[in-house]
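S.K.: sequence plus the predicted model coming up.
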Amino acid sequence: MRDFEDMKLGCFWEKLRFCCKKQCYILFGRIMEYRHEVCVRRLQKENQVTVVFFAMCLSMWRYQSLYERMMQNRHFRVYIVLAPCISFTDEQQRKDIQVLRDYFKKHGVCYIDYDFASERCIDIRKDLRPDILFYPQPYKSLFRPEYDSANFYDKLLCYYPYAFWTVLGEWSYNMAFHNFAWKLYYSTELHRQDAIQLSFNRGRNVVVVGYPNADIFLNEPPIDVWKPQKSKKKRLIWAPHFTISQERSFVCHSNFLWMADLMLDIAFRYSDCLQLAFKPHPRLLTELYLHPEWGKERADAYYSTWHTLENTQLDEDEFKDLFMTSDAMIHDCGSFAVEYHYSLKPVMYVLQDKQAYTDTLSQFGRKAIEAHYIGKCQDDIINFIKDIVLDGQDVMLSMRQKFYQEYLLPPNGKQVADNTIDDLLKSLGRI
């Protein structure tokens, strides 16, 4: 009886906490809307609007096309600021920032660097005087406090989701940032409807422009990034998620731990006809360093093996070219469940319990998963490789084509960056 009473009391406090949080978010959200109106009225009198983009790692950089369009538009003064993710290990932070440096230099893009030696941040407010700030993620404790979005609530905060959201959850639609930002540029009307359902502000700040990577997938010819082979081979990507420990994550895919040796074994077994690319989530290495059965030495050695074998490669850069020049993919990453469909190639999602997983998904997410082959065990994975990748018995092509036509093309017959700039200029009274 006492346990039952404690449970009722716990439920009561949880409901009270939720109600208090909701009322606080709604009240502060109204204050933010007023601040936004003040900012917009001020910017309508300015010749140019100063825009700052934060970049934390290349795999989550979604603003390249928008940055390029803004640089060509007389209404905008644009800066890119490198901002390492402080929840990653120091080694991972340095690696991610160096990859960004190389990418921006390759594309002739100017950026404001981060100095790891002094750990000194640029004073964005004083030195850049931003009007609009675009963040790569909406979460707390990812950046140094100087770059945290809460320090810029008097500015106009904007956001492209770094992934194609397939899951319904508070973390994807109802964090403080989602409720207080000026503009959330979402991918589809289904995502806007999810925001209306889940966000305390009922998605009032959501604008549908299309998925930002669509501009790259649809308009840039792919470059062959695969390791040269002596003979033609089928190209398979393996992209494992980072959630290998239930204790360290609110979701747990846990497939990497049982698939790690299997995928290398497949690389050896089919070395005459198959080439594999290991495309891990950028956080996976950090999680492996912390895992009691792995650690730094084992994790580094494993990654190195993928880099050195003749028919395998480690790919930690942007993934568009890898996807578009591949023949198939095996993965358990929510965003890739959508993005790989731009290639129209066969794809397998590794799931132990499809029904339990799809019950957590949005309508959009379920549609994306239905266009996948599903793998639960070693035999499923090997059969996918033998029958579909190597022998071409792909029976799901028409389902992927239908999903592509209905959900992956940006609205208004325009590129995503153009839809975004049109909305910005209209909101600022420039058109």
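M.R.: Great, that's in hand. Numbering: from 1, shown residues only.

S.K.: mind pulling up the pLDDT for residue 87?
M.R.: Residue 87 is assigned a predicted lDDT (pLDDT) of 88.

S.K.: list the contacts of it.
M.R.: Counting by CB atoms under 8 Å, 6 or more residues apart in numbering, residue 87 touches 141-142. All C-beta atoms are positioned from the backbone trio N, CA, C, and that covers glycine.

S.K.: state the distance from residue 332 to residue 242.
M.R.: For residue 332, the distance to residue 242 equals 10 Å [CB to CB, to the nearest Å].

S.K.: looking at these two, which one has more neighbours?
M.R.: The neighbour comparison of residue 332 against residue 242 (other CB atoms under 10 Å) goes to residue 332, with 24 against 19.

S.K.: next up, the contacts around that one.
M.R.: 239-241, 253, 255, 349-351.

S.K.: try it again with 7 Å
M.R.: Residue 332 is in contact with 240-241, 253, 255, 349-350, counting by CB atoms under 7 Å, 6 or more residues apart in numbering.

S.K.: what two of those are the furthest from one another?
M.R.: Greatest spatial distance among those (CB to CB): 240 and 349, at 11.7 Å.

S.K.: neighbours around residue 398, how many?
M.R.: 10.

S.K.: which secondary structure element is home to it?
M.R.: helix 397-403 (DSSP states H and E).

S.K.: list the buried ones in stretch 305-319?
M.R.: Neighbour-count burial for stretch 305-319, counted by 16 or more other CB atoms under 10 Å, picks out 306, 309, 311-316, 318-319.

S.K.: for it, output the C-alpha coordinates as PDB.
M.R.: Extracted as PDB, the C-alpha positions of stretch 305-319 are listed here (Å, rounded to 0.1, in the frame of the first residue of the first chain):
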ATOM      1  CA  THR A 305      41.700  -1.700 -39.200                       C
ATOM      2  CA  TRP A 306      38.900  -0.300 -41.300                       C
ATOM      3  CA  HIS A 307      41.300   2.400 -42.600                       C
ATOM      4  CA  THR A 308      44.000   0.000 -43.600                       C
ATOM      5  CA  LEU A 309      42.400  -3.100 -45.200                       C
ATOM      6  CA  GLU A 310      42.400  -3.200 -49.000                       C
ATOM      7  CA  ASN A 311      38.600  -3.400 -49.500                       C
ATOM      8  CA  THR A 312      37.500  -1.300 -46.500                       C
ATOM      9  CA  GLN A 313      37.700   2.400 -45.500                       C
ATOM     10  CA  LEU A 314      36.900   4.600 -42.500                       C
ATOM     11  CA  ASP A 315      34.800   7.500 -43.600                       C
ATOM     12  CA  GLU A 316      34.300  10.400 -41.100                       C
ATOM     13  CA  ASP A 317      33.700  13.200 -43.500                       C
ATOM     14  CA  GLU A 318      30.500  14.500 -45.100                       C
ATOM     15  CA  PHE A 319      28.400  11.600 -46.400                       C
END
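
S.K.: returning to what we had before: so of the buried residues of stretch 305-319, which ones are in strands?
M.R.: 312-314 (DSSP state E).

S.K.: show me the chain divided up by domain.
M.R.: 47-211+411-427, 219-408 (automatic domain parsing).

S.K.: span of the last one from start to end?
M.R.: The distance separating the two terminal residues of domain 219-408, taken as CA to CA, to the nearest Å, comes to 13 Å.
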